[in-house]
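Sharing a sequence plus its predicted fold:
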Amino acid sequence: MRWIDEQPHTEEIIDILFPGNPLLCAGLKKESALTRTREEWRGFMANRQFIVPSPMIAIRGKTKNGRESMRCLANTGTRLFLVVEFDQGSFDQHAALLVHLAKSEPLALVVHSGNKSLHGWFLAKKEEAQSREFMCSAVSLGADHATWTRCQYVRMPDGRRDNGKRQRVVYFNPATLEFK
């Protein structure tokens, strides 16, 4: 899908990525996390910087340190997407690496960070071991391993960075989601 206007299409994208009314965790900053239903988030996603790329199973959970949190492993559901991002290299190099990885796993979405990197959203496998193998392959090519953590924030598709720059979607293929 491509849009030719300059309007954010965050809400439309989120509806396709997360159908129904799941619990989603998003935030303005890394330190802030709010978990709400999709309908409670409606109209607010375009101004958020971050999202957890999997639905949540509870509004709050306990962290490893025993603290209550709206974004932790205990309240993050089954992995839905693996987000792959590269910190080193050029925009074109990132695109080439994502295209290479897409030969082995369905690439649903690519988000430009609003800075220097591209973030590829790949459909996760039902078997965690298969997803881990794919992620290890991506890391061997230079991807950041931090996005392996299920509750890790990633850039909101078509959202806004704290400096006002839009995190544009440069590629979106909803057809890859038909078998989820």
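Thanks, I have it. Everything numeric in this text was worked out from a predicted model, so none of it was measured.

State the distance from the residue of the chain most remote from its centre to Cys72.
If you look at how far each residue of the chain sits from its centre, by CA atoms, centre = their mean, the farthest one is Gly66, at 25.9 Å. From Gly66 across to Cys72, the span is 11 Å (CB to CB, to the nearest Å). In this view, the C-beta of every residue, glycine as well, is placed from N, C-alpha and C.

same deal with Phe122?
23 Å.

Between these two, tell me which one has more neighbours.
Taking other CB atoms under 10 Å, Phe122 and Cys72 do not tie; Phe122 has more neighbours (24 against 21).

show me what contacts the more buried one?
Contacts for Phe122 (CB atoms under 8 Å, 6 or more residues apart in numbering) come out as 81-84, 101-102, 105-108, 134.

that older thread, the residue farthest from the centre of the chain is in what secondary structure piece?
Here Gly66, judged by DSSP states H and E, is contained in no helix and no strand.

roughly how far apart are it and Arg150?
Distance from Gly66 to Arg150, by CB to CB: 19 Å.

ditto for Val84
The gap separating Val84 from Arg150 is 14 Å, by CB to CB.

Of these two, which one has the most company?
Under the neighbour definition other CB under 10 Å, Val84 and Arg150 were set side by side, and Val84 has more, 30 against 18.

Tell me if I'm right that the more buried one and His145 touch.
No - taking CB atoms under 8 Å as the definition, Val84 is not a contact partner of His145, at 10.1 Å.

Common neighbours of these two, please.
The contact lists of Val84 and His145 share Met135, where a contact means CB under 8 Å, 6+ apart.

Now do the contacts for the spatially closest residue to Phe86 that is not a sequence neighbour.
Using CB to CB, 6 or more residues apart in numbering and skipping the chain neighbours, the partner closest in space to Phe86 is His94 (4.8 Å). For His94, the contact set (CB under 8 Å, 6+ apart) comprises 85-86, 117-118.
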